[in-house]
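Student: coordinates for the following, if possible.
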Amino acid sequence: SQGNKWISGQTQFQPNIPVSLVLEGTVHGKYSPILLDQLSLKLGSCPQTPSCGFEDGNCNWVQKGEIKWVKGTGISTQGLGITPDHDHTTKSNVGHFLYVDPRDNLGKTAILQYTALQNSTKCLNFWYTSVNNDGFLQVREKYIDGIGNNITESMWEKPRYSLPSWQMAQVNLEAQPDIQGYKIQIYASVGTLNTSVMAIDDVEILEGSCPPFDHCSFERDTCGYGNWINDNFDWIRFSASDESDFDGPPLDITLDSTEGHSFIAPLGGHKIDDTATFMTSLIPKQYRCLVFWYNFWDSSDLVELSVRYMTGGAEDMTLLQIREGPNHQWSIAVVDLLDNGWSNWFALSFEAKLLNDTTDEFVELKSLALDEIYFMDDCDLLTSESPETTTTPTATTNPPPTIIDCDFENSNLCLWEQITETDQIDWNFGNGSTPNRGTGPFEDHSTGGRAGQYIYINSVKSSETQAAALKSPMLPKYETGGCLRFWYSMYGLDVQTLRIVQEDSEFNFWEANGNQGLYWKQGAVHFDK
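Tutor: Numbering: from 1, shown residues only. Okay, the predicted model is just below:
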């Protein structure tokens with residue numbers, strides 16, 4: 001399997017006589033389709049590709065260092081204990097990867113180098129595995145600065161704690177001023193053990209910054225979450241709009257749309273106690289709260305969901321087990337995370353375990369679905385419940401009212417005014433979810449319900465940035481200054497900027513940029529008298 005996504009392929013050929021090309025595919029079994037699209041012929045050499053699974057060469061990555069990265073397969077090194085037993089690309093013992101041979105090479109370095117010709121921000125994405133390895137694995141960026149100095153920066157280093165499987169690393173490679181391009185190095189140093197494992201696979205360079213690793217909506221990909229090789233069946237990325245032999249929730253959480261994606265474990269055709277398990281990549285321990293949505297798609301009596309916590313220096317622990325939940329309904333789970341063990345990193349595994357046999361043909365359309373998995377610093381920061389739940393605000397001691405106070409109920413801006421002279425769009429009144437699916441909150445913050453109102457600016461289809469501005473009444477002078485408190489939501493793929501400024505001035509009191517997550521957050525701004 002090459003994964004549930006389109007993959008670009010190319011091959012070089014140099015015929016001396018006219019030829020016909022044959023595209024030959026071989027399939028076996030019910031769930032093994034091969035699809036092709038967008039064939040094209042380019043005269044001359046194939047262009048350089050920044051993506052590499054090492055199935056056919058090293059893809060323009062150049063060997064450096066004292067020793068070389070070695071191309072291998074699980075079967076070619078079987079029994080040596082110095083490589084994984086399968087690659088990441090094909091999940092088989094005949095797929096290729098690169099590894100460092102530790103035998104007689106203790107303390108030596110192996111370097112792969114790629115030349116990025118354009119000076120732009122990029123995301124280096126690759127998979128690695130490291131077992132019994134006290135050496136190190138780094139990503140370095142090399143360039144010549146504007147005054148001729150050779151600069152080498154370490155951009156990432158493998159954590160000391162590693163999972164016993166392939167895990168994803170993502171590294172932001174920032175554009176440097178006054179240079180034309182730079183070199184990227186994957187730099188490995190062999191430790192002190194002759195039987196250590198250090199291997200890499202599926203190296204890819206993408207334009208732009210890496211997506212945040214603390215949030216997965218499954219809209220772009222599976223976020224580095226990998227299926228466990230030793231379980232019985234797999235989780236798959238699912239969209240109701242795609243033709244599929246499986247079934248899951250028609251609407252996802254992120255987009256509330258048939259076009260959106262979730263992660264499902266198809267349950268048909270398996271036996272009692274069979275499992276499907278996927279693991280996250282490593283997460284820093286600054287996050288102490290896990291939030292995710294789950295849906296028993298006609299399967300609450302068939303499957304149990306377990307979430308387990310793994311870290312260095314502590315035994316694996318089960319954080320949560322869910323069974324017999326409501327069918328055909330998205331529900332939210334909020335889990336406090338642990339802080340045990342010596343490592344600064346942890347990973348989670350999500351396991352679907354069958355409670356009954358599912359070999360009946362009608363069970364093929366049943367599944368367990370997950371969506372919107374994300375991590376927070378503290379579960380106490382959550383201010384929203386599931387869309388089906390109405391919360392009652394708790395009583396608090398409020399300061400005396402002022403002329404800028406406003407909860408926007410009854411479509412009332414209070415004493416605030418729309419600025420129409422310099423902006424392009426206006427703030428609108430809303431309740432419940434925002435009009436564009438996959439953006440905004442589920443309810444207002446004042447009442448915690450879907451009937452309460454807030455103001456919002458809607459997403460725009462134009463490629464140009466558009467702004468809306470709201471102006472407060474003139475504030476009096478306060479002897480001790482003032483504190484403006486407010487709640488805001490910035491959720492969506494293309495969210496840009498919310499800022500608070502002083503009128504007729506470039507002074508910026510407060511600013512937030514980009515996707516801030518699914519829930520309301522509190523902001524506070526102090527201004528002097």
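Student: now do the strands in the stretch 1-150 of the chain.
Tutor: With DSSP state E, counting those that start in this stretch as the criterion, the stretch 1-150 of the chain has strands at 51-52, 62-65, 70-73, 96-99, 109-116, 122-131, 136-144, 150-157.
Student: tell me which strands the fifth one pairs with, and in which orientation.
Tutor: Applying DSSP bridges, strand 109-116 is found paired with strand 62-65 (antiparallel), strand 182-189 (antiparallel).
Student: pLDDT value on T439, please?
Tutor: With respect to pLDDT, T439 scores 69.
Student: grab the nearest non-local neighbour of G74.
Tutor: The shortest distance from G74 to any non-neighbouring residue, by C-beta to C-beta, 6 or more residues apart in numbering, is to N93 (3.4 Å). Quick note: C-beta positions are derived from backbone N, CA and C, even for glycine.
Student: I322: which of the strands of the stretch 1-150 of the chain is closest?
Tutor: Proximity to I322 (C-beta to C-beta) singles out strand 122-131 among these, at 29.5 Å.
Student: now do the closest one: which elements does it pack against?
Tutor: Strand 122-131 sits against strand 136-144, strand 167-173, strand 197-207, with contacts defined as 3 or more C-beta pairs under 8 Å, 6 or more residues apart in numbering; DSSP states H and E.
Student: JSON lines for these, including mean pLDDT?
Tutor: Below are those laid out as JSON lines (pLDDT from 0 to 100):
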{"stretch": "strand 136-144", "mean pLDDT": "88"}
{"stretch": "strand 167-173", "mean pLDDT": "88"}
{"stretch": "strand 197-207", "mean pLDDT": "91"}
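Student: looking at the ones you listed, which is closest to S120?
Tutor: For these, the distance to S120 is smallest for strand 197-207, at 6.5 Å, taking C-beta to C-beta.
Student: now the following helix or strand past the closest one: mean pLDDT?
Tutor: Using DSSP states H and E, the helix or strand that follows strand 197-207 towards the C-terminus is strand 215-216. On average, the pLDDT along strand 215-216 is 90.
Student: go on, stretch 295-304?
Tutor: Average pLDDT, stretch 295-304: 92.
Student: of the strands of the stretch 1-150 of the chain, which stretch is the most buried?
Tutor: Of all the strands of the stretch 1-150 of the chain, strand 96-99 has the most neighbours on average by mean count of other C-beta atoms under 10 Å, namely a mean of 24.
Student: partner strands of it, with direction?
Tutor: The pairing partners recorded for strand 96-99 under DSSP bridges are strand 70-73 (antiparallel), strand 197-207 (antiparallel).
Student: return the most buried member of those strands.
Tutor: Highest mean neighbour count of these: strand 197-207, a mean of 21 (counted as mean count of other C-beta under 10 Å).
Student: show me where the stretch 51-200 of the chain dips below the pLDDT cut-off.
Tutor: The model of the stretch 51-200 of the chain has pLDDT under 70 over residues 117-119, 176-177, 180.
Student: from the chain's centre, how far out does stretch 224-244 sit?
Tutor: A distance of 16 Å separates the centroid of the chain from that of stretch 224-244, by C-alpha atoms, centre = their mean, to the nearest Å.
Student: buried residues in that stretch?
Tutor: 224-228, 231, 233-240 (16 or more other C-beta atoms under 10 Å).
Student: buried set for stretch 404-412?
Tutor: Buried positions in stretch 404-412, judged by neighbour count with 16+ other C-beta under 10 Å: C406, F408, E409.
Student: is it possible to get a markdown table of the residues you listed that adds pLDDT and secondary structure?
Tutor: Converted to a markdown table, the buried residues of stretch 404-412 look like this (pLDDT from 0 to 100; DSSP: H, G, I helix; E, B strand; the rest coil):
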| residue | pLDDT | secondary structure |
| --- | --- | --- |
| C406 | 91 | coil |
| F408 | 91 | coil |
| E409 | 88 | helix |
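Student: tell me which of these is nearest to G248?
Tutor: F408 (36.8 Å).
Student: contacting residues for that closest one?
Tutor: C414, F429, D444, S446, Q453, Y454, I455 (C-beta atoms under 8 Å, 6 or more residues apart in numbering).
Student: and the strands in the stretch 251-400 of the chain?
Tutor: Secondary structure of the stretch 251-400 of the chain (DSSP E, counting those that start in this stretch): strands located at 262-266, 275-279, 283-284, 289-297, 303-311, 317-323, 331-336, 345-354, 367-376.
Student: other SSEs contacting the fourth one?
Tutor: Other helices and strands packing on strand 289-297, by 3+ C-beta pairs under 8 Å, 6+ apart, are strand 303-311, strand 331-336, strand 367-376.
Student: that'll do, ta.
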